[in-house]
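**Q** Provided below are the primary sequence and the corresponding predicted coordinates.
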Amino acid sequence: MRIGVDAMGGDCAPGEVVRGVLAARQFLREDDRIVLVGREEMIRPHLGGSPDRVEIVHAPQTITMDEAPVEALRLKGESSIAVMARMQAEGRLDAFISAIELSPLRRSASTGASSIVMV
């Protein structure tokens, strides 16, 4: 299973997100992968090398909390949420997770996403 994680979502991102991903690796099966999606230059320093079963996919744009979610998704097609939705629609992710409010994304038929987890 390939699980996308929004590395830029949350108040203490990406540090706390990466720390959680590294701790979660113990629960993965051998063929499972966690894909951190976000600004690579901000994620990589928190990884401490190249940990097993963790990959990074660069997404240069971010959506801030003060932006209207649906409009931001339309305007920022290279944000972590948009990139993860596209990856899932293309079959490159089985699911994706974000700490931000995803209800507008869930309602957006254009994403093609079917397994959205809100935490």
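**A** Looks like it arrived, so ask away.
**Q** next one: I63, what pLDDT does it get?
**A** As predicted, I63 sits at a pLDDT of 88.
**Q** list the contacts of the closest residue to it other than its chain neighbours.
**A** Once flanking residues are discounted, I63 sits nearest to A72: 4.4 Å by Cβ to Cβ, 6 or more residues apart in numbering. C-beta here means a position set from N, CA and C on the backbone, and glycine is covered the same way. By Cβ atoms under 8 Å, 6 or more residues apart in numbering, the residues touching A72 are I63, T64, S79.
**Q** SS state for A72?
**A** Three-state call for A72 (DSSP: H, G, I helix; E, B strand; the rest coil): helix.
**Q** same question, I3
**A** strand.
**Q** could you give the number of residues near it?
**A** Counted with other Cβ atoms under 10 Å, the neighbours of I3 add up to 19.
**Q** check A23 too.
**A** The number of residues packed near A23 is 9, by other Cβ under 10 Å.
**Q** distance of it relative to I97?
**A** With distances taken as Cβ to Cβ, to the nearest Å, A23 is found 14 Å from I97.
**Q** how about L73?
**A** Using Cβ to Cβ, which is the criterion applied here, L73 is 17 Å from I97.
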